[in-house]
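1. Make a model of this:
(one chain, ligands or ions: 2)
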Amino acid sequence: MTQDFIAALPKAELHLHIEGSLEPELMFALAARNGVAIPYASVEEVRAAYAFSNLQDFLDIYYAGADVLRTRADFHDLAVAYFDRAAADGVVHAEIMFDPQTHTARGIPFAEVIEGLLSAMAEAEARHGMTSALIMSFLRHLSEEEAFATLEEATPWLERITAVGLDSSEVGHPPEKFARVFAAARGRGLKLVAHAGEEGPPEYVRQALDVLAVDRIDHGNRSLEDAALVERLAREGMTLTVCPLSNLKLCVVDRIEDHPIDAMLAQGLRATINSDDPAYFGGYVADNYRAVAAARGLDRHALATLARNSFTGSFLPPDAIAAHV
Ligand code: HPA
Ligand code: ZN
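-> Ligands and ions are numbered 1, 2, ... in the order given. Predicted coordinates:
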């Protein structure tokens, strides 16, 4: 019953790395299509390798998996597969992140990546009536200078990019490292998001707010360690894009029963539910709703609140948000 309610609930997905939606079956198909060797003998062997004890464990495998993505058609097929799967979960709007530096560092032209994603977005609209937006994420383990070069490279497509983001290895790469490039992105009319408080301390969430002036916080879990920060996030109506199965797989929580999603809502935080890297973490967005609904006993009112937050926290224009909530 709750299962049907969850799939039928119209929702937006706000935290999804398109490279993290690469299912092992597609990884093998693209490896064959592009003549790329992969260090696994079977789909089962790939899945067995997805046992992580922290963020970096995952990132090493995630960046290696992305090596099969070579052409515009690959990025198109990757994103179409995600949009089809998300539509089945009741997603009507998706704001997808992509990591251009993961690809340009391998010699894949920026144009191949973004044109493949843009054609898939048009297809999602035609097939499912799904709207979508692109978030260009900078890899925080690289320098701010490299992020600036990526922003420069994106110039011809800036009208098609809604926001910039910040992902990859968090600890040791605080938001303030990217203060200037985020200010430049804001100056070019882009919205701003950043991963903060996934493994990093509450101070990184404060920096994302104060130094970067982000419009949303990706994850934000560790904000809960700082009562004044929680109070501020609630007062400012800051959206948190929370990813329960990711939190479980990356050991941000020990057990799904320990997930703080209901504590976040109870403290007035504008939390949303998202899948992050569904091919690696064992579930798409409805699976994430189901996991916390079962583990934390969320009722329909709480589930509807989470879905409503996904629209109010989106970068859709106000009239489109009003039509969804
Ligand atoms: N955190 C940081 N970087 C990432 C993630 C994440 O959860 N997923 C993909 N890149
Ligand atoms: Zn993420």
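
2. can you confirm L212 is in a helix?
-> No. If the criterion is DSSP: H, G, I helix; E, B strand; the rest coil, then L212 is coil and not within a helix.

3. Would you quantify the distance from it to ligand 1?
-> Going from L212 to ligand 1 by CB to the nearest ligand atom, to the nearest Å gives 16 Å. Every residue, glycine included, has its C-beta placed from N, CA and C.

4. so how many other residues sit close to that residue?
-> Using other CB atoms under 10 Å, the number of residues around L212 comes to 23.

5. hang on, it packs against R180?
-> No. Counting by CB atoms under 8 Å, L212 does not reach R180; the two are 10.2 Å apart.

6. what bridges to whichever residue of the stretch 101-250 of the chain sits closest to ligand 1?
-> Going by CB to the nearest ligand atom, ligand 1 is nearest to D167 of the stretch 101-250 of the chain, at 3.5 Å. Listed by DSSP bridges, the beta-bridge partners for D167 are L139.

7. ok, it - contacts?
-> By CB atoms under 8 Å, 6 or more residues apart in numbering, D167 lies in contact with H17, M97, D99, S137, F138, L139, R140, H195, D218.

8. can you count the residues close to A122?
-> Using other CB under 10 Å: A122 sits among 11 other residues.

9. From the contact counts, what lies against the helix or strand hosting it?
-> Following DSSP states H and E, one finds A122 within helix 110-128. Under the contact criterion of 3 or more CB pairs under 8 Å, 6 or more residues apart in numbering; DSSP states H and E, helix 110-128 touches helix 72-88, strand 91-98, helix 100-104, strand 131-139.

10. Let's have the ones you listed in JSON lines, adding mean neighbour count, mean pLDDT and distance to ligand 1.
-> Shown next, in JSON lines, are those (neighbours: other CB atoms under 10 Å; pLDDT from 0 to 100; distance: least, CB to the nearest ligand atom, whole Å):
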{"stretch": "helix 72-88", "mean neighbour count": "21", "mean pLDDT": "98", "distance to ligand 1": "14"}
{"stretch": "strand 91-98", "mean neighbour count": "24", "mean pLDDT": "98", "distance to ligand 1": "8"}
{"stretch": "helix 100-104", "mean neighbour count": "20", "mean pLDDT": "98", "distance to ligand 1": "9"}
{"stretch": "strand 131-139", "mean neighbour count": "23", "mean pLDDT": "98", "distance to ligand 1": "7"}
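
11. How about residues contacting the helix holding A122?
-> 18, 69-80, 83-84, 87, 94, 96, 98, 100, 103-104, 130-132, 134, 150, 153-154, 157, 160-161.

12. ok now it, how far from the chain's centre?
-> Centroid separation for helix 110-128 versus its chain: 17 Å, with CA atoms, centre = their mean, to the nearest Å.

13. The helix-or-strand element of the chain with minimal mean pLDDT: how far from the chain's middle?
-> Least confident helix or strand of the chain, by mean pLDDT, DSSP states H and E, is helix 2-8 with a mean of 88. The chain centre lies 22 Å from the centre of helix 2-8; the measure is CA atoms, centre = their mean.

14. Put the alpha carbons of it into PDB.
-> Presented in PDB, the C-alpha positions along helix 2-8 are these (Å, rounded to 0.1, in the frame of the first residue of the first chain):
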ATOM      1  CA  THR A   2       2.700   2.500   1.100                       C
ATOM      2  CA  GLN A   3       4.700   1.100  -1.800                       C
ATOM      3  CA  ASP A   4       2.100   2.100  -4.400                       C
ATOM      4  CA  PHE A   5       1.600   5.400  -2.600                       C
ATOM      5  CA  ILE A   6       5.400   6.100  -2.900                       C
ATOM      6  CA  ALA A   7       5.700   5.300  -6.600                       C
ATOM      7  CA  ALA A   8       2.500   7.200  -7.400                       C
END
